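Participant: need a 3D model of the following:
(one chain, ligands or ions: 1)
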Amino acid sequence: EEQEDKVLQALRLYLRHLTDRLVTDRRFQVFKRPVDTTEVMDYLQVIRSPMDLSTLQANVDANRYSTLAEFVLDADLIWRNALSYNPNINPMDRRIRQRAHALNDTMHFFIRDELSEDFERKCEDIKASR
Ligand SMILES: CC(=O)c1nc(NC(=O)[C@H]2CNCCN2)sc1-c1cc(O)cc(O)c1
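Facilitator: Numbering: from 1, shown residues only. Predicted structure coming up:
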């Protein structure tokens with residue numbers, strides 16, 4: 001009902017604010033756009049579910065996420081895919097892995113610091129009731 005829509009609107013606002021900060025962080029420019037599979041030819045053989053920060057932002061704006069958990073499932077794909085596709089010890093793979101870990105740590109630090117469990121529970125309850 002009206003009150004519930006206010007909660008979902010607050011979630012969307014927060015997820016947009018969170019994603020905006022990740023998209024503008026210099027360390028995460030490598031995750032900003034979908035991996036160009038014409039350049040990186042074998043990418044789709046290795047990575048089943050591509051995800052990037054601009055697609056994440058578009059999903060938030062399209063009301064794709066009604067709980068934080070749904071958003072985190074997609075957001076975690078970004079850094080997990082980078083770790084999977086860059087397992088080697090060469091400097092390039094290592095640097096992308098460092099950025100993947102930084103993306104994971106930064107995102108989850110913001111969330112833990114800024115979002116109350118009570119708020120997430122409200123979103124989960126609304127989802128369960130629909
Ligand atoms: C985002 C990501 O996971 C990614 N990984 C790469 N790894 C490599 O190229 C490693 C793989 N191991 C062998 C040596 N090369 S390139 C790349 C990428 C970065 C962009 O800024 C845009 C883009 O389209 C793709």
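
Participant: please, which helix or strand holds the spatially most central residue of the chain?
Facilitator: The chain has residue 75 as the residue nearest its centroid, 1.9 Å off, counting by CA atoms, centre = their mean. In this structure, residue 75 sits in helix 68-85 according to DSSP states H and E.

Participant: picking up where we left off before, got the contact list for the residue nearest to the centre of the chain?
Facilitator: Going by CB atoms under 8 Å, 6 or more residues apart in numbering, residue 75 touches 19, 51, 56, 107. Bear in mind the C-beta positions are built from the backbone N, C-alpha and C, glycine included.

Participant: can you select the buried ones from those residues in ChimeraX?
Facilitator: To isolate the buried members of those in ChimeraX, using 16 or more other CB atoms under 10 Å:
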select :19,51,56,107
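
Participant: pick the one among the contacts of residue 75 closest to the ligand.
Facilitator: The ligand lies nearest to residue 51 out of those, by CB to the nearest ligand atom, at 10.5 Å.

Participant: give me the neighbour count for the closest residue to that closest one other than its chain neighbours.
Facilitator: Nearest residue to residue 51 in three dimensions, chain neighbours excluded: residue 77, at 3.8 Å (CB to CB, 6 or more residues apart in numbering). By the measure other CB atoms under 10 Å, the count of residues near residue 77 is 19.

Participant: can you give me the strands in this protein?
Facilitator: Assigned by DSSP state E, the strands in the chain number zero.

Participant: the longest helix along it packs against which elements?
Facilitator: In the chain, with assignment by DSSP state H, the single longest helix is helix 91-114. If you count contacts as 3 or more CB pairs under 8 Å, 6 or more residues apart in numbering; DSSP states H and E, helix 91-114 packs onto helix 2-23, helix 68-85.
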